[in-house]
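[1] fold the following for me, if possible:
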Amino acid sequence: MSFQLHPRLAQDCFKLGSFALCELLMMNDSQYPWLILVPRREAKEIYQLNAVDRQMLLDESCLIAETLQTLYQPDKLNIAAIGNLVPQLHLHHVARYQTDKTWPAPIWGKLPPNPYSEQQAQTEISKIQFALKKQLIEIIT
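    Numbers count the residues shown, from 1 in each chain. As a prediction, this is how the structure comes out:
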């Protein structure tokens, strides 16, 4: 069976590209720099991945965390695999600031999303893709 992105993730995110294991998405919410990794495996939980895939997920997650830190200089990175609404395994990476509207609380369910304008989205997508161009095996344009 071929990989299918969960419809909710497809609806709420921009596809930026692919790593060896994961699809890279950007949440369409301009309130936070917010990237999501989705392993192309049938799994709901990290422990369901084999050992090689678990290590690859960790490596790709650390790459995303380092990239967010470099590009956005957040006060804190929130990294979570929640999946209560979307059962497909996915790992959120959210750059947080002490000045954001929901600090220090978690962001989930606090504020409605504030979608990017087309120009804002393209600017952020290009910045992230450029920063990861050597690691992405495919870039979505």
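[2] when you work out contacts or count neighbours from here on, use the C-alpha atoms and nothing else.
    Will do.
[3] all strands for the protein, in order.
    Using DSSP state E, the strands of the chain run over residues 13-18, 22-27, 34-39, 76-80, 91-96, 138-139.
[4] quick check: which of the ones you listed is nearest to residue 68?
    With Cα to Cα as the measure, strand 91-96 is the member of the strands of the chain nearest residue 68 (6.7 Å).
[5] what pairs with that closest one, parallel or antiparallel?
    For strand 91-96, the pairing partners within the sheet under DSSP bridges are strand 34-39 (antiparallel), strand 76-80 (antiparallel).
[6] looking at those strands, which is buried most?
    Among those, judged by mean count of other Cα atoms under 10 Å, the one packed with the most neighbours on average is strand 34-39 (a mean of 24).
[7] got the angle between it and strand 13-18?
    60 degrees (axes from the mean of the first three to the mean of the last three Cα atoms, to 10 degrees).
[8] list the residues that contact the spatially most central residue of the chain.
    Among the residues of the chain, residue 36 comes closest to the average C-alpha position under Cα atoms, centre = their mean, at 1.5 Å. With contacts taken as Cα atoms under 8 Å, 6 or more residues apart in numbering, residue 36 has the following neighbours: 24-27, 90-93.
[9] nearest to residue 81, of the residues you listed?
    The shortest gap between residue 81 and any of those belongs to residue 91, at 4.6 Å (Cα to Cα).
[10] average pLDDT for stretch 130-138?
    The average of the pLDDT scores along stretch 130-138 is 96.
[11] name the residues of that stretch that are buried.
    Buried residues in stretch 130-138, counted by 16 or more other Cα atoms under 10 Å: 131-132, 136, 138.
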